[in-house]
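Peer 1: Structural data only, the sequence is not supplied:
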């Protein structure tokens, strides 16, 4: 029995709750993974999983064994990557989930530089705004604005995502601009549907805190669609500044209620514990951190104008 391969198979099954998915991620057949787990169980003289036709879950022994095994696998991967880093540049395929708001207009513009810097890395980029578990869905790293959904995941925060309400000058000319958050209830609003707070919005100005239900005449999971809607003069939208900044600076959109602050969110890289020092993941995360440090370029002029804080 190759103990490390068996331990690695055990960690992957524990993380994915699936023998088939663990086999896919390891690049072996399902029978190989099953055999490695069975060998490890015979060696330990204890079952590591409770299996049924629909579920795979850790036994009490497996629960106790998992964390130390995950650290072992992570440490071996770390040492291997460190040696590769001394001898060569990172190579291989990196499967990435990327938030659309950053993928369109920012990440795409940086890809050529990343390719020049790391020609051996092939990126497989899936663009969507779902909160994913990278382990279960086979991503090496996911970039998202909501907290990691599992304690077994590492979260590296890269920058603050600021939001503000805005509208086209034509809409403001025709309907006027709200002076207080509650005035939004009398306007046509279009809102992003993916925030966990749903229809409830909280805005602050100094010690003043305003909470209101704002259902919106249009709701969408695409901030780019909302941006296009705002440009037509259709209504007031709430957009992340990473999408709205250019239009605000050009004057095709104007800020609404800029003296009130919406709670910011964090754009973060989320990846499995076993990828903590993965060379390809580290290369991409550090590259993006460098691109947006210390403040994102799209926010600097908005901060200087006092439109966001």
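Peer 2: Nice, I can see it. Keep in mind that this is a model prediction, so the values were computed, not measured. Residues are numbered from 1 along each chain as shown.
Peer 1: Can you mark which positions in the lowest-mean-pLDDT helix or strand in the chain are buried?
Peer 2: When the helices and strands of the chain are scored by mean pLDDT, DSSP states H and E, helix 60-87 comes last with a mean of 78. Buried residues in helix 60-87, counted by 16 or more other Cβ atoms under 10 Å: 62, 65-66, 69-70, 72-74, 77-78, 81. C-betas here are computed from N, CA, C, even on glycine.
Peer 1: Break this protein down into its structural domains.
Peer 2: Listed domain ranges for the chain are 3-86, 89-160+265-299, 163-262 (source: automatic domain parsing).
Peer 1: could the ones you listed be laid out in TSV, adding distance to residue 306?
Peer 2: Written out in TSV, the entries for those read as follows (distance: least, Cβ to Cβ, whole Å):
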stretch	distance to residue 306
domain 3-86	44
domain 89-160+265-299	12
domain 163-262	7
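Peer 1: between the ones you listed, which one is nearest to residue 307?
Peer 2: domain 163-262 (4.6 Å; Cβ to Cβ).
Peer 1: rewinding a little: okay, the buried residues of helix 60-87 in TSV with distance to residue 181 next?
Peer 2: As requested, these are arranged in TSV below (distance: Cβ to Cβ, whole Å):
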residue	distance to residue 181
62	51
65	52
66	47
69	51
70	46
72	52
73	50
74	46
77	49
78	48
81	49
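Peer 1: coming back round to it: next one: the least confident helix or strand of the chain to chain centre, how far?
Peer 2: Computed by Cα atoms, centre = their mean, to the nearest Å, the chain-centroid distance of helix 60-87 equals 23 Å.
Peer 1: mind checking how far residue 239 is from residue 108?
Peer 2: For residue 239, the distance to residue 108 under the criterion Cβ to Cβ, to the nearest Å works out to 18 Å.
Peer 1: between these two, who's got more neighbours?
Peer 2: Neighbour count, other Cβ atoms under 10 Å: between residue 239 and residue 108, residue 239 has more, with 25 against 13.
Peer 1: Direction included, what does the helix or strand hosting the more buried one pair against?
Peer 2: Element membership of residue 239 [criterion: DSSP states H and E] is strand 236-240. Looking at strand 236-240 with DSSP bridges, its paired strands and their directions are strand 163-167 (antiparallel), strand 189-192 (parallel).
Peer 1: Can you tell me which of those strands is most buried?
Peer 2: Compared across those, strand 163-167 shows the largest average neighbour count, a mean of 25 (mean count of other Cβ atoms under 10 Å).
Peer 1: And for that one, what's in contact with it?
Peer 2: By Cβ atoms under 8 Å, 6 or more residues apart in numbering, the list of residues contacting strand 163-167 from outside reads 177-178, 184, 230, 233, 235-241, 244, 247-248, 253-258, 262, 264-265, 307-308.
Peer 1: Next secondary structure after it?
Peer 2: Toward the C-terminal end, the helix or strand that comes next after strand 163-167 (DSSP H and E) is helix 169-175.
Peer 1: which other residues reach that next one?
Peer 2: By Cβ under 8 Å, 6+ apart, helix 169-175 touches 187-188, 230, 233-236, 251-254, 256.
Peer 1: same thing with stretch 197-211?
Peer 2: The set of residues that contact stretch 197-211 without belonging to it, under Cβ under 8 Å, 6+ apart, is 180-182, 212-216, 238, 257, 259-263.
Peer 1: Distance from that stretch to the middle of the chain?
Peer 2: Here stretch 197-211 is found 24 Å from its chain centre; the criterion is Cα atoms, centre = their mean.
Peer 1: swap in stretch 269-289?
Peer 2: Here the centre of mass of C-alpha atoms in stretch 269-289, compared against the chain's by Cα atoms, centre = their mean, lies 12 Å away.
Peer 1: Let me see the mean pLDDT of that stretch.
Peer 2: Stretch 269-289 comes out with an average pLDDT of 84.
Peer 1: for stretch 9-29, same thing?
Peer 2: Rounded mean pLDDT across stretch 9-29 is 90.
Peer 1: ok, now stretch 174-181?
Peer 2: In this model, stretch 174-181 has an average pLDDT of 95.
Peer 1: Which one, of the strands paired with strand 236-240, ends up nearest to residue 130?
Peer 2: Closest of those to residue 130 is strand 189-192, at 13.6 Å (criterion: Cβ to Cβ).
Peer 1: The helix or strand following that closest one pairs with which strands, parallel or anti?
Peer 2: The first helix or strand that comes after strand 189-192 along the chain, using DSSP H and E, is strand 200-205. Strands that pair with strand 200-205, judged by DSSP bridges, come out as strand 208-213 (antiparallel), strand 261-262 (antiparallel).
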